[in-house]
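*Asks:* sequence below, structure please.
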Amino acid sequence: MAKQTVLSRRSLVTGALISPLLLAACGETKAGAGAASAAETSQPLTIVKEPGKINILAGDKLITSLHFDAKWPKPFIYPLTSASGNVISRAYPLETREGESTDHAWHRGIWFGHGDVSGEDYWRELGPEKSGRLELAGEPEAATSGNSALLKFKTIMQGRDPEKKRYGTVDQAYVIAKTAGQIVIDASITVSADAGLDLKFGDTDDGGFGFRLRDEYREDRGAQLINSEQQSGSKEIWGRNARWVDYSAKFDGKPIGFAMFDHPSNLRYPTGWHARGYGLCAANPFAAGSFAKDKSVDGSYTLKAGERFTQRYRVIIHEGEFLPADVDAWFATWASSK
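*Replies:* Numbering: from 1, shown residues only. The predicted structure follows:
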């Protein structure tokens with residue numbers, strides 16, 4: 001077992017990138033969510049490192065892990081667990097769950113990518129001659145402070161074999177917090193065109209900040225899919241612009257939901273959503289034409305050489321009965337953060 005890294009709250013929040021994420025995650029719980037025991041809410045998170053993986057635990061229970069082994073074309077966060085320990089992410093391709101779907105091997109937990117960046121595919125993983133890689137640059141940083149943990153890493157946008165051309169960099173930071181009845185994950189993703197090239201994000205629905213849930217969250221099995229605009233079901237929320245989406249299901253007889261928020265500071269807020277009824281969803285601001293099924297609409301975006309943009313997202317895994325008004329209240333509190 002590797003040595004745990006623990007920093008004081010002051011040192012952990014130093015720097016403009018991560019401080020608002022950590023402060024929001026540490027300071028926010030849902031009123032009326034059901035009181036957790038003092039032991040549950042005060043139990044500190046710990047870090048255990050393995051080759052190619054950093055685990056975040058509460059006591060002896062795994063909350064999630066950062067996976068960055070070289071066998072994966074891009075890093076990702078997996079599994080996704082509720083505060084009570086239920087795993088709600090799809091197991092495939094890391095594990096086997098009897099009867100579970102095995103489509104799209106690149107749908108793993110939570111990840112970031114895009115299917116067309118200057119002609120390179122950082123979403124699908126079709127082999128080194130067809131898809132690019134988000135290649136890890138250096139060892140990821142990991143630290144804990146009370147009931148929160150920080151994961152931070154840099155990746156190089158590497159093109160296909162054999163050239164492996166460098167296009168830019170993607171810096172990602174995640175703050176994972178366990179609160180009363182919730183797991184909160186705050187993400188900050190910065191794309192930099194620092195290789196002397198413009199980066200054109202093509203208009204494609206296969207891209208964005210995404211997640212994949214287990215089959216209990218399939219719409220055809222009774223899962224409820226809603227967005228901030230009071231639309232419901234994948235036919236209504238796919239491609240629509242919204243501040244948030246929420247997937248909820250009865251899991252082992254217990255309601256557990258997964259909400260994802262788009263921050264007002266993000267490009268093209270409120271974003272479009274690649275929201276599928278089989279448990280996949282991604283916040284994607286670069287797919288207006290694809291979502292509209294209209295080639296005359298161009299949702300592409302060019303990041304000029306030397307420039308960068310940052311996207312912020314929040315995930316809340318919530319337990320128990322809830323109303324859309326609850327999600328609206330959580331969003332409003334978070335959206336007011338700088």
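*Asks:* pLDDT weak spots in the stretch 1-150 of the chain?
*Replies:* Where the stretch 1-150 of the chain drops to pLDDT under 70, the residues are 1-42.
*Asks:* and the strands in it?
*Replies:* 45-50, 53-58, 61-67, 76-77, 110-114, 133-136, 141-145, 148-158 (DSSP state E, counting those that start in this stretch).
*Asks:* for the shortest one, packing partners?
*Replies:* Using 3 or more CB pairs under 8 Å, 6 or more residues apart in numbering; DSSP states H and E, the elements in contact with strand 76-77 are strand 61-67, strand 110-114. All C-beta spots, glycine's among them, are computed from the backbone N, C-alpha and C.
*Asks:* tell me how far that strand lies from the chain's centre.
*Replies:* 8 Å (CA atoms, centre = their mean, to the nearest Å).
*Asks:* what residues does that strand touch?
*Replies:* Residues from elsewhere that reach strand 76-77, judged by CB atoms under 8 Å, 6 or more residues apart in numbering: 64-67, 108-111, 151, 174, 185.
*Asks:* can you check the third one too?
*Replies:* Applying CB under 8 Å, 6+ apart, the external contacts of strand 61-67 come out as 45, 52-57, 75-81, 85, 94, 108-109, 140, 142, 149, 151, 153, 174, 176, 178, 183, 185.
*Asks:* for Trp106, which residues are in contact?
*Replies:* Trp106 neighbours (CB under 8 Å, 6+ apart): 73, 113, 123-125.
*Asks:* dihedrals phi and psi, it?
*Replies:* phi -90, psi 0 (degrees, to the nearest 10).
*Asks:* how close does it get to Arg90?
*Replies:* Counting by CB to CB, to the nearest Å, the separation of Trp106 from Arg90 is 12 Å.
*Asks:* ok, now Ala180?
*Replies:* Ala180 is 27 Å from Arg90, by CB to CB.
*Asks:* neighbour count for those two, which is higher?
*Replies:* Arg90 (30 against 17; other CB atoms under 10 Å).
*Asks:* so the more buried one sits against Ile110, correct?
*Replies:* No: using CB atoms under 8 Å, Arg90 is not in contact with Ile110, being 11.6 Å away.
*Asks:* need the residues touching each of those two.
*Replies:* With CB under 8 Å, 6+ apart, Arg90 and Ile110 have no common neighbours.
*Asks:* got the CA positions of the biggest strand by length in the chain in CSV?
*Replies:* Identified as the longest strand of the chain according to DSSP state E is strand 166-179. This file holds the C-alpha atoms of strand 166-179, laid out as CSV (Å, rounded to 0.1, in the frame of the first residue of the first chain):
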residue,chain,number,x,y,z
ARG,A,166,1.3,16.9,-30.6
TYR,A,167,-1.8,19.1,-30.9
GLY,A,168,-2.1,20.7,-27.4
THR,A,169,-2.7,19.8,-23.8
VAL,A,170,-5.7,19.1,-21.5
ASP,A,171,-5.3,19.8,-17.8
GLN,A,172,-8.0,18.1,-15.6
ALA,A,173,-8.7,18.6,-11.9
TYR,A,174,-11.3,16.8,-9.9
VAL,A,175,-12.4,17.4,-6.3
ILE,A,176,-14.3,14.4,-4.8
ALA,A,177,-16.3,15.0,-1.6
LYS,A,178,-18.5,12.8,0.5
THR,A,179,-21.3,14.7,2.2
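*Asks:* understood, closing this out.
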